[in-house]
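Q: Okay, structure incoming, though there's no sequence with it:
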């Protein structure tokens, strides 16, 4: 007769910014007699946990006339150091996933070595911090990448709120003084659709200096993780810390040269093909892609507007003079349209019958905010023709799903 055992470990005692690589942990499983001195019937070879904390499936054959089904115990190790001993593991006569397999709530040291017997004495987070500002390094009171700052920013961001003491003025991804508007569009879309993945992405980068987003493997360069001219003399960050971590890392991964400063406008530029690649890497599907060096025709801007829905993200390339209420030419800035273009006087969506002189408005995302185009322009509305002259194309992709 056979008895089966499997179990998993669940990290507890963690804070918002901590992460544990569970594959570093291993275990030894023992099947023991349920009577007398509980003699060991079988000891399985050491195995590492899977990345989600699950063990492998184990089985032991035993003689039917034993009075009791064998008991299962395990010891957990980190490298060669034992961290948990003689943990009882449920066993069953079959390997059905519906069985009540054991889940062991394992306490961790929150990234610090501790002498407490209640926590591992193994540091669960890299001793070497990944993101460091050379001007205000670790230990400086103005350190922008200090752990508690990152935690506060993440907590606020998941509620679409600012964290002004940490120089995060807005509730949505904000590329600030940099040219990271392309990554901002992607990270905004991810935040809206999959906030848990958005949060984990930033935590993984902060903890490990690398992360995975769908099929995208993001490993920022040393220069990106130690940015130049990132902070003002008073500690004000030119890009919020979690936005530099998330956006600059995404941009840096695509570049031949490292992206090392908000000043590097050229290396921060995002092409339409990059938007499409990132969206597809996140598991989305490209619905529409049309871009040019001259502003779009009337029928194209109507077509783009018609794509705005609860099923799509509409990333639009404009000249940023549109938002600032000033003259400009050439594509310079990515935004996301959150509403179709409507005629101000009637509230009706634009169509082929809309005249060029009609005043129009729409809601959009840019620079950390979601609000009306007229609000970005200090309540100065624009004509349909003016909006057209500032618009150079769009990439439309489906909502991101896990």
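A: All right, it came through fine. In this text, all values refer to a predicted model and were calculated from it rather than measured experimentally.

Q: Now do the same contact list for residue 289.
A: Residue 289 makes contact with 272, 276, 393, 394, 395, 396 under the criterion C-beta atoms under 8 Å, 6 or more residues apart in numbering. Where C-beta positions appear, they are placed from N, C-alpha and C, glycine not excepted.

Q: And for residue 138?
A: Residue 138 sits in contact with 129, 132, 146, where contact means C-beta under 8 Å, 6+ apart.

Q: most surrounded residue in the residues you listed?
A: Counting neighbours by other C-beta atoms under 10 Å, residue 146 comes out on top of those with 20 neighbours.

Q: So for that residue, what's the nearest residue that isn't a sequence neighbour?
A: residue 138 (7.7 Å; C-beta to C-beta, 6 or more residues apart in numbering).

Q: now residue 281
A: Residue 281's closest residue in space is residue 216 (C-beta to C-beta, 6+ apart), at 3.9 Å.

Q: what bridges to the one you found?
A: residue 213 (DSSP bridges).

Q: Might you report the residue contacts of it?
A: Taking C-beta under 8 Å, 6+ apart as the contact definition, residue 216 lies against 250, 253, 278, 281, 282.

Q: Among those residues, list the two that are farthest apart in space.
A: 253 and 282 (13.6 Å; C-beta to C-beta).

Q: Return the residues in contact with residue 338.
A: Contacts of residue 338 (C-beta under 8 Å, 6+ apart): 308, 362, 363, 364, 365, 370.

Q: now those residues in TSV, with secondary structure?
A: What follows is those, written out as TSV (DSSP: H, G, I helix; E, B strand; the rest coil):
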residue	secondary structure
308	coil
362	coil
363	strand
364	strand
365	strand
370	strand
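
Q: Out of these, which comes closest to residue 201?
A: residue 365 (18.4 Å).

Q: host element of residue 336?
A: Per DSSP states H and E: residue 336 is located in strand 333-337.

Q: Listing partners with orientation, what would you give for that strand?
A: Strands that pair with strand 333-337, judged by DSSP bridges, come out as strand 312-318 (antiparallel), strand 363-366 (antiparallel).

Q: where's the helix or strand containing residue 374 relative to the chain centroid, distance-wise?
A: Per DSSP H and E: residue 374 is located in helix 373-376. Chain-centre distance of helix 373-376: 28 Å, with C-alpha atoms, centre = their mean, to the nearest Å.

Q: Which elements pack onto that helix?
A: Helix 373-376 sits against helix 321-324, strand 363-366, with contacts defined as 3 or more C-beta pairs under 8 Å, 6 or more residues apart in numbering; DSSP states H and E.

Q: quick one: contacts of the first one?
A: For helix 321-324, contacts defined as C-beta under 8 Å, 6+ apart pick out 327-329, 333, 335, 366-367, 373, 376-377, 382, 386-387, 390-391.

Q: Give me the neighbour count for the residue lying closest to residue 32 once chain neighbours are set aside.
A: Distances taken as C-beta to C-beta, 6+ apart place residue 38 nearest to residue 32, at 4.5 Å, with adjacent residues excluded. Neighbourhood size, residue 38 [other C-beta under 10 Å]: 14.

Q: now residue 81
A: Neighbours of residue 81 under the rule other C-beta under 10 Å: 10.

Q: Equivalent analysis for residue 370, please.
A: Residue 370 has 18 neighbouring residues, counting by other C-beta under 10 Å.

Q: Use 287 as the first number from now on
A: Done: numbering now begins at 287, and the last item shifts to residue 656.

Q: Any idea what it is bridged to?
A: Applying DSSP bridges, one finds that residue 656 bridges with residue 651.

Q: Tell me how far it lies from residue 511.
A: Separation of residue 656 from residue 511 (C-beta to C-beta, to the nearest Å): 29 Å.

Q: For the residue nearest to residue 642 when sequence neighbours are not counted, grab phi and psi.
A: Leaving out its chain neighbours, the residue that sits closest to residue 642 by C-beta to C-beta, 6+ apart is residue 671, at 3.7 Å. Backbone torsions of residue 671, given as degrees, to the nearest 10, read phi -70, psi -40.

Q: Please determine how far residue 671 is located from residue 582.
A: For residue 671, the distance to residue 582 - C-beta to C-beta - is 12 Å.

Q: who's more crowded, those two?
A: The residue with more neighbours, out of residue 671 and residue 582, is residue 582; 22 against 14, by other C-beta under 10 Å.

Q: ok, so what distance separates the spatially closest residue to the more buried one that is not a sequence neighbour from residue 611?
A: Closest residue to residue 582 apart from its sequence neighbours, by C-beta to C-beta, 6+ apart: residue 677 at 5.3 Å. Distance of residue 677 to residue 611, computed by C-beta to C-beta: 15 Å.
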